[in-house]
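Peer 1: task: produce atomic coordinates for the following.
(one chain, ligands or ions: 2)
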Amino acid sequence: MFNEAIELIKHSRYVIAFTGAGISAESGIPTFRGPNGLWRRFRAEDLATPEAFARNPTLVWEWYKWRMKVISRAKPNAAHLALAKMEAAGILRAVITQNVDGLHTSAGSRNVIELHGNIWRIKCSNSICNFKSMLSEPPEEIPPKCPRCGSLLRPDVVWFGEPLPPEAWEKAVTEASRADLVIVIGTSGAVMPAALIPTITKDKGGKIIEINIGGSAITPIADVFIKCRASEALPKITEGLGL
Ligand code: NAD
Ligand code: ZN
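Peer 2: Ligands and ions are numbered 1, 2, ... in the order given. All right, here's what the predicted structure looks like:
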């Protein structure tokens, strides 16, 4: 399994990675699906929506405040670091992530495409006001208000039912079309359209290596499936590549 993956990487021309919440699970950040996926009695699907924010912005902000606290304590793990190493060695060209935690960048990856935004960026919920800002810690008072127009501020992340940021999506599609190998790590492949990324590479004749502790929606089209924790699998691969 590992040897097959290492050989595939060695013989590929343009390798990219596509990551999900599972790569950050071992940094202590809970995934949405699976154990520890619940916050109080709520499912993420019932909080990360424009409707939930319109109904109860304080509740949605309480959840984000909690997630920001968890993420601010988290450090990149061996899986994030291995990807950064592969990029520095010229083997990996891009990391396309669904994560909002910023850990790929902290690990040293440079060409990171964040499809679902970043939890530390906030924006005005009034679409005609363009106010955006970065936070370095969770806001004291919630829900925070826009200094420009007084409307509520919201996290600048993609909620269920919202379109992806067009620029990030276009970049991701370009990378996926160019790639002849995509390494898919820790994603259920359930969130559309992000989950289409590996199929774009595959449809162009490229290959898929998947690393996950269980099966996903992508497993049936994976050429090599490594059933393993990301922090264990990726260092084994970089070692096999002589890095
Ligand atoms: P998901 O929660 O739907 O699925 C997580 C996947 O990771 C599962 O397939 C699981 O088997 C796998 N996994 C768990 N631990 C693993 C490990 N140690 N090694 C390898 N695989 C492991 O995640 P998703 O597919 O990314 O979709 C959820 C959405 O939620 C994303 O769009 C993302 O924006 C958001 N989210 C982000 C974070 C974050 O930024 N860290 C955390 C939770 C959710
Ligand atoms: Zn505003």
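
Peer 1: alpha carbons only for contacts and neighbour counts from here, please
Peer 2: Will do.

Peer 1: which residues of this protein lie near ligand 2?
Peer 2: Cys124, Cys129, Cys146, Arg148, Cys149 (C-alpha under 5 Å from the ion).

Peer 1: in this structure, which helix has the most residues?
Peer 2: In the chain, with assignment by DSSP state H, the single longest helix is helix 57-73.

Peer 1: any chance you could list what contacts stretch 120-132?
Peer 2: 68, 133-137, 146, 148-149, 151-157 (C-alpha atoms under 8 Å, 6 or more residues apart in numbering).

Peer 1: and that stretch, what's buried?
Peer 2: Trp120, Arg121, Ile122, Lys123, Cys124, Ser125, Phe131 (16 or more other C-alpha atoms under 10 Å).

Peer 1: any idea which of those is the one closest to ligand 1?
Peer 2: Distance to ligand 1 across these (C-alpha to the nearest ligand atom) is lowest for Trp120, with 10.8 Å.

Peer 1: now do the contacts for Met194.
Peer 2: Let me fix one detail, which is that residue 194 is Ala and not Met. Here Ala194 is in contact with Gln98, Leu115 (C-alpha under 8 Å, 6+ apart).

Peer 1: go on, Ser151?
Peer 2: Counted by C-alpha under 8 Å, 6+ apart, Ser151 has contacts Cys124, Ser125, Asn126, Lys145.

Peer 1: need the pLDDT of the second one.
Peer 2: pLDDT for Ser125: 97.

Peer 1: what about stretch 45-54, distance to the chain center?
Peer 2: 19 Å (C-alpha atoms, centre = their mean, to the nearest Å).

Peer 1: cool, stretch 191-201 as well?
Peer 2: Counting by C-alpha atoms, centre = their mean, stretch 191-201 comes out at 13 Å from the chain centroid.

Peer 1: before we move on, what about stretch 206-219?
Peer 2: 15 Å.

Peer 1: identify the residues contacting it?
Peer 2: With C-alpha under 8 Å, 6+ apart as the criterion, stretch 206-219 contacts 5, 22, 179-190, 198, 201-202, 221-230, 233.

Peer 1: strands along the protein, start to end?
Peer 2: Assigned by DSSP state E, the chain shows strands spanning 15-19, 92-97, 112-114, 117-124, 132-134, 153-157, 181-185, 207-212, 224-227.

Peer 1: neighbouring strands for the last one, and are they parallel or not?
Peer 2: Listed by DSSP bridges, the sheet partners of strand 224-227 and their directions read strand 207-212 (parallel).

Peer 1: repeat that for the fourth one.
Peer 2: Take DSSP bridges as the rule and strand 117-124 pairs in its sheet with strand 132-134 (antiparallel), strand 153-157 (antiparallel).

Peer 1: so it versus helix 57-73, what angle?
Peer 2: 140 degrees (axes from the mean of the first three to the mean of the last three C-alpha atoms, to 10 degrees).

Peer 1: from the middle of its chain, how far away would strand 117-124 be?
Peer 2: So, by C-alpha atoms, centre = their mean, the centroid of strand 117-124 is 14 Å from its chain's centroid.

Peer 1: again, but for stretch 199-212
Peer 2: That offset, for stretch 199-212, works out to 17 Å (C-alpha atoms, centre = their mean).
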